[in-house]
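[1] output the structure for:
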Amino acid sequence: MSHYRACLYAGVKIFGSNAEELYSQWEFQVGTCEGIEMGDHLWMARYILHRVCEDFEVVASLDTKPIKESTFSSACHINFSTKEMRSEGGLQHIEEAIRKLSKCHFRHLSVYDAHGGADNIHRLTGQGCTSTFHHFSTAVGSREVSVRIPGHVSRMGCGYFEDRRPAANCDPYPVMRALVETCLLGVTEEDDEEMKEILAS
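    Just a heads-up that it's a prediction; the model follows:
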């Protein structure tokens, strides 16, 4: 609650917070934001989190696997949409964006954590509500896929998709750049075998 109030006081677009699966693991949401400002607000929310933790003499970690033995991990899920996706008939635009993302899975994973994919290869195991690192997957409502379409979005026929691959320690700026390049700017550079081998090694 202290972090939430401090973010509100600072003008950060914090949207909510909730407890997670692990003891002392908490999630907060930033948004709704336009484009690159998402990164600005997320970085400020992280900074404020560390400053608030100082007052309580605790340490906050953005480690993707805060407890190595646990199947649960820490992520930075990104809800992404455009005006077309949010408009009537937007589901077809969502599905088209996901098709584009499926062709660039490993290129995205290379910027979806702080260490070029090395953290996510341990986080994305297919367990603990994660997808597998090695294959792109999508579905409606599932928490065990790379990119999901929320159930209510599928029913309404418009809205947003959720990219569940970014790690808690990701830099939001290259994450947003990758999403915009792939989904909006028509960058068609597909994964190559060399990149797959580097990330899988």
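[2] now do the top helix by length along the chain: which elements does it pack against?
    In the chain, with assignment by DSSP state H, the single longest helix is helix 37-55. The contact analysis (3 or more CB pairs under 8 Å, 6 or more residues apart in numbering; DSSP states H and E) places helix 37-55 against helix 2-10, strand 26-30, helix 172-183. (Each C-beta comes from the backbone N, C-alpha and C, glycine too.)
[3] go through the longest one and flag the buried ones.
    To tie it back to what came earlier, the one meant is helix 172-183. Neighbour counts over helix 172-183 (16 or more other CB atoms under 10 Å) mark P172, V175, M176, R177, A178, L179, E181, T182, C183 as buried.
[4] which of these lies closest to V111?
    A178 (5.4 Å; CB to CB).
[5] just for the protein, where's the confidence low?
    188-201 (pLDDT under 70).
[6] just give the nearest non-adjacent residue to the spatially most central residue of it, would you?
    By CA atoms, centre = their mean, the chain has its centre lying nearest to H77, at 2.5 Å. Spatially, and ignoring its direct neighbours in sequence, H77 is nearest to R164 (5.1 Å; CB to CB, 6 or more residues apart in numbering).
[7] and the gap between the one you found and A75?
    Remark: distance between R164 and A75 (CB to CB, to the nearest Å) = 6 Å.
[8] need the overlap of contacts for those two.
    Common neighbours of R164 and A75, using CB atoms under 8 Å, 6 or more residues apart in numbering, are T130.
[9] ok so, going back, show me what the helix or strand just after the longest helix of the chain pairs with in its sheet, parallel or antiparallel.
    Proceeding N to C from helix 37-55, the next assigned helix or strand is strand 78-80, under DSSP states H and E. Using DSSP bridges, the strands paired with strand 78-80 are strand 161-163 (antiparallel).
[10] and for the partner strand, what's in contact with it?
    Contacts for strand 161-163 (CB under 8 Å, 6+ apart): 77-81, 85, 94, 97-98, 101, 108, 146-150, 153, 179.
[11] distance to A45 added to the helices and strands packed on helix 37-55, as a markdown table?
    Below are the helices and strands packed on helix 37-55 laid out as a markdown table (distance: least, CB to CB, whole Å):
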| stretch | distance to A45 |
| --- | --- |
| helix 2-10 | 5 |
| strand 26-30 | 6 |
| helix 172-183 | 10 |
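[12] figure out which of those is closest to G128.
    Each of the helices and strands packed on helix 37-55 has some distance to G128 by CB to CB; the shortest is strand 26-30, at 14.1 Å.
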